[in-house]
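In: pasting the sequence and the predicted model now:
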Amino acid sequence: FLTETFAEQFARELDTQAMEGTSPFTGVVGASGVNSVNVTTGTAGGGALAYADLTTAMFKAGEMSTRVNSIWVMSPTAYGICLGLADSTGQPIVKYGTVEQAPAGTILGRPVYTSNALDVTITVGSDATCNIYFGPPNALIFGDRRQVRFEVSEHSQWGTDELDFRMIMRTAYVVGVPSAWTKIVQIH
């Protein structure tokens, strides 16, 4: 249980660092050379996400190799915004046939990965800000500096029969090919 819990927290931190990290690593959001689609000046204007913003992001990098194995990475809130997009007649753009069918987990045929670790600032009745990322995961480079270690110590809490646990992970990260990634920013 503890190993799984620690691993989940490491994964959350890696998600944060890969997409939106500023310290100690710079994620996709701040890496120099990453393509950007700003929805405040986009198709829908005023920060509202439009279907055209998604298609623009998908093709912004240009090279076919940046689309073939690419994924969408976003918060669950941003995914909900994508699923809520409607055409000019009010019909949903993303359709699943019936209400009972679960979302397919793709947008424009590419997989969607959601993470609660990504920053979403939402206040009911005001602007929401969140980002959506599109690119190939192999353009992100993670390096393990040391194998993950799980340690237990009974000595520091000897008098109360308690144990201390810790898990140590040392890793490094860089956006290896920034121009392969596109970020959709300032979604309201």
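Out: Sure, I can see it.
In: tell me which helix or strand of this structure sits lowest on mean pLDDT?
Out: Within the chain, confidence by mean pLDDT, DSSP states H and E is lowest for strand 121-122 among all helices and strands, at a mean of 54.
In: name the nearest residue to residue 167, sequence neighbours excluded.
Out: Distances taken as Cβ to Cβ, 6 or more residues apart in numbering put residue 6 closest to residue 167, at 4.0 Å, once the chain neighbours are dropped. In this view, the C-beta of every residue, glycine as well, is placed from N, C-alpha and C.
In: can you pull the contacts of that neighbour?
Out: Counting by Cβ atoms under 8 Å, 6 or more residues apart in numbering, residue 6 touches 150, 165, 167.
In: so the last one, which of the three states?
Out: Read that as residue 167. With DSSP: H, G, I helix; E, B strand; the rest coil as the basis, the three-state label of residue 167 is strand.
In: the one 3 residues further on too?
Out: Here residue 170 takes the strand state, with states given by three-state DSSP.
In: kindly list the longest helix within this structure.
Out: Counting residues, the longest helix in the chain under DSSP state H turns out to be helix 2-20.
In: now do that helix: distance to the chain's middle.
Out: 12 Å (Cα atoms, centre = their mean, to the nearest Å).
In: likewise stretch 8-26?
Out: When C-alpha coordinates are averaged (Cα atoms, centre = their mean), stretch 8-26 and its chain have centres 10 Å apart.
In: check stretch 173-185 too.
Out: For stretch 173-185, the distance to the chain centre is 12 Å (Cα atoms, centre = their mean).
In: renumber starting at 88 from here on
Out: Sure thing, new numbering starts at 88, so read that last one as stretch 260-272.
In: quote the end-to-end distance of it.
Out: End-to-end distance of stretch 260-272: 22 Å, with Cα to Cα, to the nearest Å as the criterion.
In: which residues are contacting that stretch?
Out: Counting contacts by Cβ under 8 Å, 6+ apart, the residues touching stretch 260-272 from outside are 101, 104-105, 108, 112-116, 118-126, 136, 140-141, 144-145, 147-148, 150, 152-153, 218-223, 226-230.
In: quick check: buried residues in that stretch?
Out: Applying a neighbour-count criterion of 16 or more other Cβ atoms under 10 Å, the buried positions in stretch 260-272 are 260, 262, 264-272.
In: JSON lines please, covering those residues and showing pLDDT and distance to residue 196.
Out: Conversion of the buried residues of stretch 260-272 to JSON lines gives the following (pLDDT from 0 to 100; distance: Cβ to Cβ, whole Å):
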{"residue": "260", "pLDDT": "81", "distance to residue 196": "28"}
{"residue": "262", "pLDDT": "89", "distance to residue 196": "24"}
{"residue": "264", "pLDDT": "89", "distance to residue 196": "22"}
{"residue": "265", "pLDDT": "91", "distance to residue 196": "24"}
{"residue": "266", "pLDDT": "92", "distance to residue 196": "22"}
{"residue": "267", "pLDDT": "92", "distance to residue 196": "18"}
{"residue": "268", "pLDDT": "92", "distance to residue 196": "18"}
{"residue": "269", "pLDDT": "93", "distance to residue 196": "16"}
{"residue": "270", "pLDDT": "93", "distance to residue 196": "20"}
{"residue": "271", "pLDDT": "91", "distance to residue 196": "17"}
{"residue": "272", "pLDDT": "84", "distance to residue 196": "23"}
